[in-house]
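Visitor: Predicted model follows, preceded by the sequence.
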Amino acid sequence: MGEVSAEAITLNMLREARETVRSSPLGVIHTPMIGWSQTSLPLSISCNIHIKLENMQRTGSFKIRGVANQFARRLAGNRYVTMSAGNYGKAFAYASKHYGSKGKVVMPETAPESRSILIQSFGVEVERAPTSCLVNVVNRCVQEDNMTLLHPYDDLDLIAGHASLGMEVLDVILEPDVVVVCCGGGGLLAGVAAAIKLSGCDNTRIYGVEPEGACTMYKSFIEKKPVGMDSKSIASGLAPPFAGRLPYELCQRYVEGIVLVSDEEITAAVSTLYRSGLVVEPSGAAAFAAIINNKIPELEGKNVVCILTGGNIGKDELSKFPD
């Protein structure tokens, strides 16, 4: 991926990827987008918010979009390795089973054990390691076991697949004023932002949301280069060891800014959503947390899109959240 730059992402490429995702045998869903006013969610800001329900996506998160495009463009029969706290790993495992590929997911030790078990149920091997060692384990699999890396966020095909989500948003709202997206390594944020901006929405403000304890893209914006950190957050899916290089380039070009939310704000957001009948995991609730805690500027009177990115949370995890 080192030779690929942001210029490689074109609107025609994203449109082609959207068709690949739409027709994928993995059965990617065109998820609904509902008005905030159609829910019982509290809102202290006078604006028109739409919620994109990727928690209803097949495999429970947006990750299947990028995976569908990745697998469509890879050679069948290869042995693939990746790293994931859960959602990408689940989509990767689901695709591996469908295509008959052998694979391994390297997971951080902090990820819930239930997610390891679920990924293994698709016939994919799981190896757990400290977050700081994930890349070393993946490199060992590539060098010693002759496996091919499918990157969970710093990958051109993956980002193009995720862009299909941004295009679905524009099917409903032709030119939103503000779009709020969670950010881990940056693959989703980069894809959505590129889709919206390249479609001609020059005035749309796009914000990424990261946990305070896992703010690699936020720090990358400050240091003007992709950086890593010892990421720790209740939102494990938003806590990769480093920001992706290609996502960083695209976010620098198309994203208005990165805002931070605390683990306490994320926890409260999950509980608020659950009380309104929406099952959303911590990583999937970050954008919502940013909006209800007034982290996004100038929303008054605006058309706003909030993306709920995933709903993979078990009963054991939900029981730890306040009623």
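Guide: Now that the structure is in, tell me what you want to look at.
Visitor: Please make it C-alpha for all contacts and neighbour counts, starting now.
Guide: OK.
Visitor: which stretches of this protein form helices?
Guide: Under the criterion DSSP state H, the chain contains helices at 11-22, 63-72, 87-99, 113-120, 134-144, 156-172, 187-198, 216-223, 245-254, 263-275, 286-292, 315-318.
Visitor: In TSV, list those helices along with mean neighbour count, mean pLDDT and distance to residue 106.
Guide: Shown next, in TSV, are the helices of the chain (neighbours: other C-alpha atoms under 10 Å; pLDDT from 0 to 100; distance: least, C-alpha to C-alpha, whole Å):
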stretch	mean neighbour count	mean pLDDT	distance to residue 106
helix 11-22	19	98	25
helix 63-72	27	97	16
helix 87-99	23	95	8
helix 113-120	17	89	10
helix 134-144	16	94	7
helix 156-172	25	98	18
helix 187-198	28	98	18
helix 216-223	20	97	20
helix 245-254	23	97	20
helix 263-275	20	96	24
helix 286-292	26	97	24
helix 315-318	12	74	21
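Visitor: With distance to residue 230 as added columns, please give the ones you listed in a markdown table.
Guide: Shown next, in a markdown table, are the helices of the chain (distance: least, C-alpha to C-alpha, whole Å):
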| stretch | distance to residue 230 |
| --- | --- |
| helix 11-22 | 33 |
| helix 63-72 | 23 |
| helix 87-99 | 20 |
| helix 113-120 | 21 |
| helix 134-144 | 12 |
| helix 156-172 | 24 |
| helix 187-198 | 19 |
| helix 216-223 | 9 |
| helix 245-254 | 17 |
| helix 263-275 | 16 |
| helix 286-292 | 19 |
| helix 315-318 | 23 |
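Visitor: Out of the ones you listed, flag the one nearest residue 303.
Guide: The closest of those to residue 303 is helix 156-172. By C-alpha to C-alpha, the value is 11.4 Å.
Visitor: Look up how far residue 66 lies from the nearest residue to residue 160 once chain neighbours are set aside.
Guide: Distance criterion C-alpha to C-alpha, 6 or more residues apart in numbering; nearest residue to residue 160, sequence neighbours excluded, is residue 14 at 5.4 Å. According to C-alpha to C-alpha, to the nearest Å, residue 14 stands 11 Å off from residue 66.
Visitor: Identify the contacts common to the two.
Guide: Counting by C-alpha atoms under 8 Å, 6 or more residues apart in numbering, the shared contacts of residue 14 and residue 66 are 160-161.
Visitor: can you tell me how far the nearest residue to residue 45 once chain neighbours are set aside sits from residue 258?
Guide: Excluding its sequence neighbours, the residue lying closest to residue 45 (C-alpha to C-alpha, 6+ apart) is residue 300, at 6.2 Å. Residue 300 is 19 Å from residue 258, where distance means C-alpha to C-alpha.
Visitor: Give me the residues contacting stretch 112-123.
Guide: For stretch 112-123, contacts defined as C-alpha under 8 Å, 6+ apart pick out 86, 89-90, 93-94, 96-97, 102, 107, 125-126, 314.
Visitor: Output those as CSV; include the columns distance to residue 150.
Guide: Formatted as CSV, the contacts of stretch 112-123 follow (distance: C-alpha to C-alpha, whole Å):
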residue, distance to residue 150
86, 15
89, 11
90, 13
93, 12
94, 14
96, 11
97, 15
102, 12
107, 14
125, 15
126, 15
314, 26
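Visitor: Any idea what residue 261 is bridged to?
Guide: residue 211 (DSSP bridges).
Visitor: so what's it up against?
Guide: So residue 261 contacts 209-212, 286, 289-290, 295 (C-alpha under 8 Å, 6+ apart).
Visitor: can you check residue 5 too?
Guide: By C-alpha under 8 Å, 6+ apart, the contact set of residue 5 is 246, 249.
Visitor: How confident was the prediction at it?
Guide: Per-residue pLDDT puts residue 5 at 86.
Visitor: next one: residue 305
Guide: Residue 305 is assigned 98 on the pLDDT scale.
Visitor: and it, how many neighbours does it have?
Guide: Counted with other C-alpha atoms under 10 Å, the neighbours of residue 305 add up to 26.
Visitor: now it: how far from residue 25?
Guide: Distance from residue 305 to residue 25, by C-alpha to C-alpha: 28 Å.
Visitor: Looking at the helices of the chain, spot the one closest to residue 32.
Guide: So among those, helix 156-172 is nearest, using C-alpha to C-alpha, at 9.2 Å.
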